[in-house]
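S.K.: Give the three-dimensional model of this entry:
(chains A and B)
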Amino acid sequence: MSDQKRRNFQIEAFKHRVVVDPQYADKTWKILEHAIHEIYNHNASGLSFEELYRNAYNMVLHKFGEKLYSGLVLTMTTHLKEISKSVEAAHGGSFLEELNRKWADHNKALQMIRDILMYMDRTFVPSTHKTPVHDLGLNLWRDNVIHSSNIQTRLLNTILELILRERTGEVINRGLMRNIIEMLMDLGSTVYQEDFEKPFLEVSADFYRLESQQYIECCDCGDYLKKAERRLNEEIERVTHYLDAKSESKITNVVEKEMIANHMQRLVHMENSGLVNMLLDDKYEDLGRMYNLFRRVPNGLSTIRDVMTSHVRDTGKQLVTDPERVKDPVEFVQRLLDEKDKYDMIISLAFSNDKTFQNALNSSFEYFINLNARSPEFISLFVDDKLRKGLKDFSEEDVETVLDKVMMLFRYLQEKDVFEKYYKQHLAKRLLSGKTLSDEAERSLVVKLKTECGYQFTCKLEGMFTDMKTSQDTMQGFYASQGAEIGDGPALVVQVLTTGSWPTQPSPPCNLPNELSTLCEMFRSYYLGTHTGRRLSWQTNMGTADIKATFGKGQKHELNVSTYQMCVLMLFNNADRLTYKEIEQATEIPATDLKRCLQSLACVKGKNVLRKEPMSKDIGDNDAFLFHEKFTSKFYKVKIGTVVAQKESEPEKQETRQRVEEDRKPQIEAAIVRIMKSRKVLDHNNIITEVTKQLQSRFLPNPVEIKKRIESLIERDFLERDNADRKSYRYLA
Amino acid sequence: MRKEDTVKLISAEGFEFVVDKKAAMISQTIRNMLTSPGSFAETEHGEVTFPEISTTILEKICQYFYWSLQYSSGKETECTKNRHVLPRVPGDQNYHCS
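M.R.: This is a model prediction of the structure:
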């Protein structure tokens, strides 16, 4: 590239020749007007784009933009008015098609016009803040065609009628609908909403109101819900196919309101098919459908929840207070577990494990289980039964499942300390009679209780297990050291029970036969030799014995009897006939126990190793007993009347309850002292609340009882009444 | 160059410049012209007449098209390899003639 000498020259901008022709604008406009006509008449192929573009360009350049623009508006309007007329003239069915076709034509023409007038669009229009050509075209279409008086209503009515037809099952031209609706959307969201959506929603609301009224008269709940679901899905599908996506939530709201929300109460309470029936019959599918539909409306789920709660409470209350049921505790508890399983299944299958429903179920169960004051006792009996024989053929996991379910019921109890008392009693009996099925199952349950309630709850229970183990070791030691001296005498098995851990029972007197008493003394001296400072007392009411008996014809049987019964039977080694009084004297067993014992020996068919005179059921003071020579039994080993855990009789129940109340007193006091120590001063109501809160894991304290305890503490100078405020108390260190 | 990919630009004096469609489309006007939905004469015959643009100007315009293609894509296209490229940015007052 050679260096050029810089010449001072200016390059002038390329100017168009100034046009002097006064007709220039008109002439140019004529050309363009003609072109627009041709475009609308589908005749554009002869035109030269370049020429038209150039003309438009020149007009704008020479400041004739305004003329061009207004000319455009006029021409377009004229054409659109013609189009409008032709659309109006279309007959019924072809109305929409004609409109659709003309709309497509208009769009195409509009784009061509815009391309030609691009220069004006880019320079003139923004500077004068006029509407751009494309939008102008849409607005003119809207004003002249859509909003023309004849077309506006007819269009809306046609669309709505088509939708109605589709709702009643006819097939309509969805593509055409889509185009028309999209046209409305293109014209602006206000057009879409005012000209279509609002009336659409109103008409739909009316339609569904009517339909729901019809359905609810003739259908049952399940069918109605099916229909409602179908309609809902149909509307959603309709939106995806030919409506604006934003309409989906609006139309679904309409359906939900008309079909579901307005009829909620009626559906739920419908006779023979409402919610309660569905629950009773485990109609999972229907329940699931109800859940899904009701979830969409406000208060839907709470309605279901409330009805379910009240139903569960009612059935539960019935179950629990039914006198028939109460007769068999194991059955009672099993029924409770079955109910819980049923509702758990419903909640997981139909209500998608909704937490609020679980909570409602739990609170209902808590409510009615505590309606029956004997629930803790029954649950303990249930466990007892299972651990004795109910879990016989269960696998380890099944055992765990059953125990977990029991724990679940346990959690619902308000009076957990009552349960503890009974459980201890029953456990003691199980351990001592050696009747527990599986040691592991026992321990597993104790562990679960510990996790639930803390160490304090279970420390005594664990003490019982430890005692059993220790006793075994002690026995081994006893026989190892004394074995030689005992020789061929009766075999003794002793369980040494620590007094604190086991349920306290008074040890009534009982005269053991000589053979045994010597053996017992030997054991006592052995034990006290190794454990000085301890006191042993024989609990003769809790023991068992195996004795061999030879009857009249020489048949031998081994009898498994309680200790009391053994004492009685051993008497017959030395006498054939004994009166009641004589037996009583010899054995010194207390009257009620003795009577019961004799009853099982003499009055039970198949186990009557003694004969009674007279042969009545009850034991009178003057009855006599004879050894029953003619006793027969199919089995070699015969079990007679072992001490089984039973449902308590009324007086026993009262006694236990009293003991529980007694036990509660120190617990309440301890809680009060704990609270006052940290708070120093507290008023009466707050104390009650705090104490209740602290103790609620064990039992529900009675406010009256709490007041009494406070009085007692004041007497003992743990607390004092505040001088200023009679209702508050102060802690005395 | 295939026939379908090209378009003919005709100047006021009648000179015909055959360029790639891709190049011609650099101009928005020509692009609209060629992609307009209507069946204008231009798209029918594949040629555009510019009665008011002189040949020299039109030639520069064509050169600009290819320059723009080359530099906007960042690669030397096959068509521009043999072209003489303006060494300066257009709009610069000082031209270098070669």
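S.K.: only C-alpha atoms for contact and neighbour calcs from this point on.
M.R.: Will do.
S.K.: lowest average confidence, helix or strand, in chain B?
M.R.: None of the helices or strands of chain B scores lower by mean pLDDT, DSSP states H and E than helix B:78-81, at a mean of 53.
S.K.: biggest helix in chain B, by residue count?
M.R.: As assigned by DSSP state H, the longest helix anywhere in chain B is helix B:55-73.
S.K.: quick one: average confidence on it?
M.R.: Mean pLDDT, helix B:55-73: 88.
S.K.: quick one: buried residues of that helix?
M.R.: Across helix B:55-73, burial judged by 16 or more other CA atoms under 10 Å in any protein chain shown covers B:T55, B:L58, B:E59, B:C62, B:Q63, B:Y64, B:F65, B:Y66, B:W67, B:L69, B:Q70.
S.K.: Report all helices and strands that that helix contacts.
M.R.: strand B:16-20, helix B:21-24, helix B:78-81 (3 or more CA pairs under 8 Å, 6 or more residues apart in numbering or on different chains; DSSP states H and E).
S.K.: Okay, the most centrally placed residue in chain B and B:A24: tell me how far apart.
M.R.: What sits nearest the mean C-alpha location of chain B, by CA atoms, centre = their mean, is B:C62, with 3.4 Å. Look at B:C62 and B:A24: by CA to CA, to the nearest Å, they are 8 Å apart.
S.K.: Ok, A:G188 next?
M.R.: Per CA to CA, A:G188 is found 35 Å from B:A24.
S.K.: Looking at these two, which one has more neighbours?
M.R.: Neighbour count, other CA atoms under 10 Å in any protein chain shown: between A:G188 and B:A24, B:A24 has more, with 24 against 15.
S.K.: How many residues are close by A:K355?
M.R.: For A:K355, the count of nearby residues is 11 (other CA under 10 Å).
S.K.: same check, this time on A:I640
M.R.: By other CA under 10 Å, 19 other residues sit near A:I640.
S.K.: If we ignore the residues flanking it in sequence, what's nearest it?
M.R.: Closest residue in space to A:I640, ignoring its immediate chain neighbours: A:V561 at 5.3 Å, by CA to CA, 6 or more residues apart in numbering or on different chains.
S.K.: Need the phi and psi values for that neighbour.
M.R.: phi -130, psi 170 (degrees, to the nearest 10).
S.K.: bridging residues for it?
M.R.: Note on A:V561: beta-bridge partners by DSSP bridges are A:A545.
S.K.: how about low-confidence regions in chain B?
M.R.: Along chain B, the parts satisfying pLDDT under 70 run over B:1-3, B:38, B:74-98.
S.K.: same question, chain A
M.R.: Using pLDDT under 70, chain A drops low at A:1-7, A:15-22, A:483-488, A:641-648.
S.K.: Quickly find the element holding the most centrally placed residue in it.
M.R.: Centroid-nearest residue in chain A, with CA atoms, centre = their mean: A:Q358, separated by 1.9 Å. Take DSSP states H and E as the rule and A:Q358 turns out to sit in helix A:355-369.
S.K.: The very next helix or strand once past that helix - contacts with which helices or strands?
M.R.: Where DSSP H and E defines the elements, the next helix or strand beyond helix A:355-369 is helix A:375-385. When contacts are defined as 3+ CA pairs under 8 Å, 6+ apart, helix A:375-385 packs onto helix A:329-349, helix A:396-412, helix A:416-433.
S.K.: Show me how far the last one is from its chain's centre.
M.R.: Yep, that's helix A:416-433 we're talking about. The chain centre lies 32 Å from the centre of helix A:416-433; the measure is CA atoms, centre = their mean, to the nearest Å.
S.K.: Alpha carbons only: can I get that helix in CSV?
M.R.: Extracted in CSV, the C-alpha atoms of helix A:416-433 (Å, rounded to 0.1, in the frame of the first residue of the first chain):
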residue,chain,number,x,y,z
LYS,A,416,-48.4,-46.1,83.3
ASP,A,417,-47.6,-46.8,86.9
VAL,A,418,-50.7,-49.0,87.2
PHE,A,419,-49.4,-51.0,84.3
GLU,A,420,-46.1,-51.3,86.0
LYS,A,421,-47.6,-52.8,89.1
TYR,A,422,-49.6,-55.4,87.2
TYR,A,423,-46.7,-56.2,85.0
LYS,A,424,-44.5,-56.9,87.9
GLN,A,425,-47.1,-59.2,89.5
HIS,A,426,-47.6,-61.1,86.3
LEU,A,427,-43.9,-61.3,85.6
ALA,A,428,-43.2,-62.6,89.1
LYS,A,429,-45.7,-65.4,88.5
ARG,A,430,-44.3,-66.2,85.2
LEU,A,431,-40.8,-66.4,86.4
LEU,A,432,-41.5,-68.4,89.4
SER,A,433,-43.6,-71.0,87.7
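S.K.: Fine by me, we can end here.
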